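Take a look and give me a structure for this.
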Amino acid sequence: MEGLNSAGSVKLKTAVALVAEAEASGRFPPGRLIESTSGNLGVALAVVCAAKGYPLTCVTDPNTNAQSVRIMEALGAEVVVIDTVDDNGGFLQSRVKYIRQRLAGEPGLYWPNQYASAAGPRVHRDRTAQSIFGELGHVDCVFIGAGTTGTLMGCADFVPVEQSDEVALAQAAALALARRVGDQPMAQPGP
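From the prediction side, this is the model:
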């Protein structure tokens with residue numbers, strides 16, 4: 001069902017939550033949001049920022065789907081493609097390094113930081129998991145993709161106590177995977 005929302009993925013919930021957290025911080029607006037994305041979150045943030053009139057910079061890499069880049073740009077986002085391979089053999093750390101450099105030189109930037117913000121997991125606990133368990137009742141199994149693991153962790157926080165052993169196993173596996181690919185929390189949200 002999430003693929004049918006206006007941003008095309010579950011990341012719309014994360015984007016709404018990250019922007020709401022930025023607004024509530026008192027440090028944004030004014031200014032420009034900047035966020036690292038491999039695609040779906042960038043599209044979702046571009047949808048939210050276009051609706052609110054906020055400028056947005058999406059920091060991507062060569063692995064980002066060209067269609068996602070075109071959608072971000074069509075919605076008014078500046079898209080920066082980082083092609084420097086990091087020490088882990090990917091681009092994530094290079095994208096984050098770029099954002100930190102921009103933050104140091106541009107005081108009007110605000111980084112929601114999907115990797116460290118509690119807003120993502122919280123919105124998936126309060127909305128995604130609420131929908132799943134509220135509509136279906138007892139659920140034997142839920143398959144959730146694990147990138148930054150925000151959706152997984154948020155849904156896991158909602159799971160009824162009688163299913164907590166299975167959830168703990170899934171959380172441990174997701175955290176091990178995230179550490180292996182370098183998606184560890186890196187900083188607090190904001191400038």
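
What's the local residue count around T84?
The tally of other residues near T84 (other Cβ atoms under 10 Å) stands at 11. (C-beta placed from N, C-alpha, C; glycine too.)

Specify the local secondary structure of V80.
For V80, the assignment made with DSSP: H, G, I helix; E, B strand; the rest coil gives strand.

Quick check: bridge partners of it?
Note on V80: beta-bridge partners V59, judged by DSSP bridges.

where's it relative to P29, distance?
To P29, V80 is 21 Å away according to Cβ to Cβ, to the nearest Å.

Where do the helices of this structure begin and end?
Counting by DSSP state H, the chain has helices at residues 11-24, 40-52, 66-74, 92-105, 119-123, 130-136, 150-158, 164-181.

And these: which comes nearest I34?
I34 lies closest, by Cβ to Cβ, to one member of these: helix 92-105, at 5.6 Å.

hang on, R27 packs against W111?
No. Between R27 and W111 there is no contact, the gap being 10.5 Å when judged by Cβ atoms under 8 Å.

residues touching T57, list them.
32-35, 77-80, 102, 109 (Cβ atoms under 8 Å, 6 or more residues apart in numbering).
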